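**Student:** Here is my input; please provide its structure:
(chains A and B)
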Number of protein chains: 2
Amino acid sequence: MRSNNFMAAVLQLAIESNDKIKNLDKTELAIRQAVEKGAELIVLQELHATQYFCQQENTECFDMAEPLDGYTYTRCAALAEELDIVIVMSQFERRAAGLYHNTAQVIDGAEGRVGIFRKMHIPDDPGFYEKFYFTPGDADGPLAGFKPVQTRFGKLGVLVCWDQWYPEAARLMALAGADMLIYPTAIGWNPDDEAAEQERQRDAWVTIQRAHAIANGVPVLVANRAGFEASPMAGESGIEFWGTSFIAGPQGEFWVLADAESEGIYCADINVQRSEQVRRVWPYFRDRRVDAYAGLTKRWLGDIES
Amino acid sequence: MRSNNFMAAVLQLAIESNDKIKNLDKTELAIRQAVEKGAELIVLQELHATQYFCQQENTECFDMAEPLDGYTYTRCAALAEELDIVIVMSQFERRAAGLYHNTAQVIDGAEGRVGIFRKMHIPDDPGFYEKFYFTPGDADGPLAGFKPVQTRFGKLGVLVCWDQWYPEAARLMALAGADMLIYPTAIGWNPDDEAAEQERQRDAWVTIQRAHAIANGVPVLVANRAGFEASPMAGESGIEFWGTSFIAGPQGEFWVLADAESEGIYCADINVQRSEQVRRVWPYFRDRRVDAYAGLTKRWLGDIES
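**Tutor:** Predicted coordinates:
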């Protein structure tokens, strides 16, 4: 891991169609602009090659999936090699017939793929029918799916969207040595919800991810898509993706914060020494009650008589 | 548990001396004022009977400890019975010679004590020498120390101060059926720190507790002391307790929020139906990967080869 600081960028783009070539062209342009600004680690949004197809349950959408070495990876890997940068990309992965995942890949320059993360927590609610498409990531291996990816910038604790609501996921990545947490995301509002409810949702989403930074003493990088995508379902309202991509430091302090609407490239210098200092002042890892945490592996404890 | 709403109050008082009678008189007055406002559940600050003695390591300070049925409990229990309210109080507990805890007690009207919680995570940093005084709470029993207390207002997930930095503690209380999380607290600034660092610390503290509300879909009630307390140690700067007591709803939204300096009684109506609705919209409990969380009981996973 480099001991000096580096610049990271989170991309916040709207996706106007399911034309992967066009979408990757747009993403490539943004990546090149980010590199011009000095960024060397670039985080793309969740499922950035297409629109958010999970607004419906439609077997034809599985045609959008790709193997790990598919078109989206190939485009990103070529760019990472040419520009000598680290890219965290996201894709709809076809692992086998009838077995698909929501997968992030980490590409480190000419090394190509250095690791992947398959989304562990899969949501399902109206407009976000992800359980139809994505098998949750395997809990195999000694780290049970929560394995950070070693890169030139340290270990990246890559998680995906719905994982961001789970303190367990953030903690497991941190315990496994993640130097930062990274969330490719596609989340937005139901345009029919009232403004106060929309604001509560967005604020909660920012707050809980800042809290992962605080609880674990690591930076958090979040890339969310922007823009409106209509629903293919009659009578449905579509999703207004709420942007608000950000990078926070290990005390949860904003290093950069996007607004809800703008497309853009949001950069911040990652101070890799800061986590060391923050964890000395706030030594939460010292005091965890590992003797008392077994209940965390249970579904519910409220029915225990005690 | 009552199905209707009720009003809760968090107290934010300065403690001017170690005169317990005076301090309990002041607390009693505030409790009576809270009840006049309509509050039926009242949360006191951590160790409210005295000043924050952990600024030094001094064996004489153990004289301030009391058994569970000591003076502080007796005063609070009399008041809870007279006013027919629920009080969450906090004390320095002497359990045996050489065995002391930082303990919260829950008193429900004429029933008296209905449960206790002994602080599970004990801090220790300059000015907060708690490991000298407090044995961490036992991990005994089927809930391993994280046992909510049943009251007329549902199950109270009472935790204490440093516990507030641990998502594990909040989650375990919620899994055990806590209807809300409650944090008696005594936290403040080192007056020598620069303003930006002070603000980062206070903001982080608010943020992580709001995140416990969000992750678990329950209200969070936080009572912190206010005011400056000098250090008895030569050359030390003392602690400026940062107040900022608050009550947040299950999306982390503020229902009431105090400032950093004012003493006061901060009340909010607790909407007990709201958690049910929020957990339907944000069903995090549905999707927890209990098959993949075993690592949470480990101290560190970063040295695992995988």
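
**Student:** mind listing the helices in the stretch 51-200 of chain A by residue range?
**Tutor:** With helices called from DSSP state H, counting those that start in this stretch, the stretch 51-200 of chain A shows them at A:71-83, A:130-133, A:167-175, A:195-216.

**Student:** can you list those helices in CSV and add mean neighbour count?
**Tutor:** Every C-beta, even on glycine, is put in place using the N, C-alpha and C of the backbone. Putting those into CSV (neighbours: other Cβ atoms under 10 Å in any protein chain shown) gives the following:
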stretch, mean neighbour count
helix A:71-83, 19
helix A:130-133, 18
helix A:167-175, 27
helix A:195-216, 21
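
**Student:** I'd like the ones you listed as TSV, with mean pLDDT and distance to residue A:234 appended.
**Tutor:** Formatted as TSV, the entries for these read as follows, by pLDDT from 0 to 100; distance: least, Cβ to Cβ, whole Å:
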stretch	mean pLDDT	distance to residue A:234
helix A:71-83	98	30
helix A:130-133	98	18
helix A:167-175	98	36
helix A:195-216	98	24
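
**Student:** now the end-to-end length of stretch A:103-118.
**Tutor:** Using Cα to Cα, to the nearest Å, the gap from the first to the last residue of stretch A:103-118 comes to 4 Å.

**Student:** Also stretch A:182-194?
**Tutor:** Between the opening and closing residues of stretch A:182-194 we find a distance of 30 Å, counting by Cα to Cα.

**Student:** buried set for it?
**Tutor:** Buried residues in stretch A:182-194, counting neighbours by 16 or more other Cβ atoms under 10 Å in any protein chain shown, are found at A:182, A:183, A:184, A:185, A:186, A:187, A:188, A:189, A:190.

**Student:** Tell me how far the last one lies from residue A:129.
**Tutor:** This means residue A:190. As for residue A:190, its distance to residue A:129 is 14 Å (criterion: Cβ to Cβ, to the nearest Å).

**Student:** swap in the first one?
**Tutor:** Here the criterion is Cβ to Cβ. By it, residue A:182 lies 25 Å from residue A:129.

**Student:** and what of the fourth one?
**Tutor:** Shown here: residue A:185 relative to residue A:129, a distance of 17 Å by Cβ to Cβ.

**Student:** so who does residue A:213 touch?
**Tutor:** Listed by Cβ atoms under 8 Å, 6 or more residues apart in numbering or on different chains, the contact set of residue A:213 reads A:181, A:219, A:220, A:248, A:249, A:250, A:251, A:252.

**Student:** For residue B:278, see how far away it is.
**Tutor:** Using Cβ to Cβ, one gets 23 Å for the distance from residue A:213 to residue B:278.

**Student:** Then residue A:120?
**Tutor:** For residue A:120, the distance to residue B:278 equals 22 Å [Cβ to Cβ].

**Student:** In terms of neighbours, single out the busier of the two.
**Tutor:** When neighbours are counted by other Cβ atoms under 10 Å in any protein chain shown, residue A:120 and residue B:278 differ, and residue A:120 comes out ahead with 26 against 22.

**Student:** phi, psi of the spatially closest residue to that one that is not a sequence neighbour?
**Tutor:** Sequence neighbours aside, residue A:137 is the residue nearest to residue A:120 in space, at 4.5 Å (criterion: Cβ to Cβ, 6 or more residues apart in numbering or on different chains). The main-chain torsion angles of residue A:137 are listed as degrees, to the nearest 10 and equal phi -60, psi 150.
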